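*Asks:* What would the 3D arrangement of this be:
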Amino acid sequence: MNRTLLAPFALALALGAIPHARAANDTELAAIREQIRSLRQAYEARIEALEQRLKAAEATASQPAPQVAARPSPAARPNLFNPAISLVLQGNYANLRRDPEKYAIHGFAQGGEIGPGKRGFNLAESEIAMSASVDDKFAGNLIASLTSDEKVSVEEAYGIYTAAPAGLVPKFGRFFSGIGYLNELHPHAWDFHGAPLAYEAFLGGKYVQDGVQMKWIAPIDQFIEIGAEAGSGEGFPGTARSGNGAASAALFAHVGGDVGDSHSWRAGLSWLRARPQDRQWTQADLAGNDALLSFGGTSDVSIADFVWKWAPRGNARATSFKLQGEYVRRRERGDLAYDANGALGLARTGVYESTQSGWYLQGVWQFMPTWRAGLRHDRLSTGTVDYGDNAASLALDGFSPKRTSFMVDWTPSEFSRVRAQYSRSETLPGLPDNQFFVQYILTLGAHGAHRY
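*Replies:* Residues are numbered from 1 along each chain as shown. You can find the predicted model right below:
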């Protein structure tokens with residue numbers, strides 16, 4: 001800066017501060033001169049300091065950049081392992097008219113974890129979840145289940161390759177299959193206590209895949225998701241097999257989007273093929289005997305799902321409505337062994353083919369903040385079943401299992417929910433069951449957002 005320009009500028013500042021109400025005397029003139037001198041010295045000192053800082057900065061910029069020490073590996077920094085950890089505590093009280101130990105779905109093969117559970121007060125499954133990024137390429141997730149009989153099981157344990165291009169999401173390990181809508185959700189995220197009858201009859205409550213999944217999500221505003229899976233096929237309707245290849249395969253596609261500011265939707269189609277070997281269940285024959293049946297062959301499950309949500313301008317805090325439904329169809333072909341254990345002395349194997357279906361439709365209305373009410377209806381169709389050589393011992397009577405449920409729940413926060421539910425269940429001819437449940441769900445810790 002030109003210092004010759006500094007003096008007039010300082011003088012103007014000083015003169016601006018002098019009162020003009022009276023004439024200046026010699027004392028005041030001396031004071032003014034002193035102020036000007038002080039201002040000049042102060043500004044010169046500040047300018048000199050800035051010039052020194054500028055020189056130092058220019059000298060630093062000309063030097064080579066300092067070398068940064070290599071970042072230590074995660075193994076050398078164990079304290080940096082900080083996964084998101086959460087607990088989900090669940091329990092219920094069940095008042096059941098019929099003995100839950102005798103629960104069955106008439107006309108359908110039994111498998112998986114189905115039924116209303118035990119009577120009275122119960123500690124339901126509690127979940128421990130851990131998830132974290134492994135590095136810039138992988139992420140992992142583990143969800144373990146603790147049951148009331150002090151058993152620990154792995155519900156999900158999978159890795160995700162996060163660096164895949166073009167919207168691809170590879171997953172490997174144990175995971176809930178992407179078929180349908182409800183299957184990927186954990187039970188604590190369901191809107192009703194218990195799975196729909198169609199899920200119980202055709203998927204054993206829920207289909208879990210041990211294998212690999214490849215999912216593609218379109219990078220556009222419209223939601224489009226396409227996925228494929230291959231796995232061990234051990235979950236119902238499949239069974240454990242001894243072999244090197246995949247025993248199950250699945251395909252699914254989902255689309256969705258928004259309609260205005262207040263509506264959103266999602267719809268999908270899914271297909272699952274399993275190859276059960278010696279899948280056993282007990283069924284009453286025409287003589288009234290409980291016969292052990294064994295099936296081996298192929299099982300194809302097709303699912304159509306649809307969800308519609310409404311909330312005023314997308315804000316579901318005060319009120320909202322959700323309509324959800326799925327249609328499930330299963331076709332099985334193979335060999336059926338009647339009296340497989342020979343207990344009746346009538347052991348016989350013949351060709352078997354069946355086509356059966358089921359559906360559910362439910363609506364949940366949040367009528368005020370923290371309070372919801374819902375209604376769900378389930379129905380199964382025994383369809384067409386060809387027992388082949390075993391037709392003389394086995395037959396269907398056309399009975400269609402069904403169930404209607406009504407629930408009210410209170411959700412004071414995203415971490416807690418208390419639900420009361422009544423169900424009228426008719427899964428056995430002439431034996432309706434009145435079921436009343438009170439359920440609690442408590443979430444502790446960091447818990448990921450639920451799916452749409």
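*Asks:* going forward, measure contacts between C-alpha atoms and count neighbours the same way
*Replies:* Will do.
*Asks:* Is it correct that residue 35 falls within a strand?
*Replies:* No: counting by DSSP: H, G, I helix; E, B strand; the rest coil, residue 35 is located in no strand; its state is helix.
*Asks:* Which residues belonging to the host helix or strand of residue 357 are considered buried?
*Replies:* Element membership for residue 357 (DSSP states H and E) is strand 348-368. Neighbour-count burial for strand 348-368 flags 349, 351-366 (criterion: 16 or more other C-alpha atoms under 10 Å).
*Asks:* That strand pairs with which strands, parallel or anti?
*Replies:* strand 320-338 (antiparallel), strand 371-386 (antiparallel) (DSSP bridges).
*Asks:* Give me the residues contacting the shortest one.
*Replies:* Spelled out, it's strand 371-386. Residues from elsewhere that reach strand 371-386 (C-alpha atoms under 8 Å, 6 or more residues apart in numbering): 107-108, 191, 196-198, 352-367, 396, 398-411.
*Asks:* doesn't residue 433 make contact with residue 97?
*Replies:* Yes: counting by C-alpha atoms under 8 Å, residue 97 does reach residue 433; the two are 5.4 Å apart.
*Asks:* phi, psi of residue 198?
*Replies:* phi -60, psi -40 (degrees, to the nearest 10).
*Asks:* ok, which stretches of the stretch 1-150 of the chain are strands?
*Replies:* 84-96, 120-123, 126-133, 138-146 (DSSP state E, counting those that start in this stretch).
*Asks:* still on that earlier bit, which one, of the strands paired with strand 348-368, ends up nearest to residue 222?
*Replies:* strand 320-338 (20.0 Å; C-alpha to C-alpha).
*Asks:* Show me how the protein divides into domains.
*Replies:* 1-17+27-48, 94-117+158-445 (automatic domain parsing).
*Asks:* which of the ones you listed sits most buried?
*Replies:* domain 94-117+158-445 (a mean of 19; mean count of other C-alpha atoms under 10 Å).
*Asks:* mind checking how far the closest residue to residue 405 other than its chain neighbours is from residue 99?
*Replies:* Spatially, and ignoring its direct neighbours in sequence, residue 405 is nearest to residue 423 (4.1 Å; C-alpha to C-alpha, 6 or more residues apart in numbering). Spatial separation of residue 423 from residue 99 under the definition C-alpha to C-alpha, to the nearest Å is 15 Å.
*Asks:* that older thread, weakest of the domains of the chain in terms of mean pLDDT?
*Replies:* Mean pLDDT is lowest for domain 1-17+27-48 out of the domains of the chain, coming in at a mean of 57.
*Asks:* picking that back up, can you put the domains of the chain in TSV and add distance to residue 148?
*Replies:* Output for those, formatted as TSV (distance: least, C-alpha to C-alpha, whole Å):
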stretch	distance to residue 148
domain 1-17+27-48	76
domain 94-117+158-445	11
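*Asks:* who wins for proximity to residue 142 among those?
*Replies:* Using C-alpha to C-alpha, these put domain 94-117+158-445 closest to residue 142, at 6.7 Å.
*Asks:* Show me how far that closest one is from its chain's centre.
*Replies:* The chain centroid and the centroid of domain 94-117+158-445 are separated by 15 Å under C-alpha atoms, centre = their mean, to the nearest Å.
*Asks:* same thing with stretch 84-99?
*Replies:* 19 Å.
*Asks:* show me where the stretch 151-300 of the chain has helices.
*Replies:* 197-203 (DSSP state H, counting those that start in this stretch).
*Asks:* Residue 230 and residue 415: what is the separation?
*Replies:* Going from residue 230 to residue 415 by C-alpha to C-alpha gives 34 Å.
*Asks:* Kindly report the same for residue 439.
*Replies:* To residue 415, residue 439 is 14 Å away according to C-alpha to C-alpha.
*Asks:* residues contacting residue 279?
*Replies:* 238-239, 294-296.
*Asks:* So what sits opposite it in the bridge?
*Replies:* Under the criterion used here (DSSP bridges), residue 279 is bridged to residue 295.
*Asks:* Distance to residue 32 added to the strands paired with strand 348-368, as TSV?
*Replies:* Output for these, formatted as TSV (distance: least, C-alpha to C-alpha, whole Å):
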stretch	distance to residue 32
strand 320-338	76
strand 371-386	77
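*Asks:* Any idea which of these gets closest to residue 312?
*Replies:* Proximity to residue 312 (C-alpha to C-alpha) singles out strand 320-338 among the strands paired with strand 348-368, at 7.2 Å.
*Asks:* Quick check: residue 183 vs residue 216, distance?
*Replies:* On the measure of C-alpha to C-alpha, residue 183 and residue 216 end up 18 Å apart.
*Asks:* I meant to write residue 359 there.
*Replies:* Counting by C-alpha to C-alpha, the gap from residue 359 to residue 216 is 28 Å.
*Asks:* Residue 332 now?
*Replies:* Taking C-alpha to C-alpha, one finds residue 332 at 30 Å from residue 216.
*Asks:* again with residue 93
*Replies:* For residue 93, the distance to residue 216 - C-alpha to C-alpha - is 42 Å.
*Asks:* now swap in residue 318 and tell me
*Replies:* Separation of residue 318 from residue 216 (C-alpha to C-alpha) stands at 34 Å.
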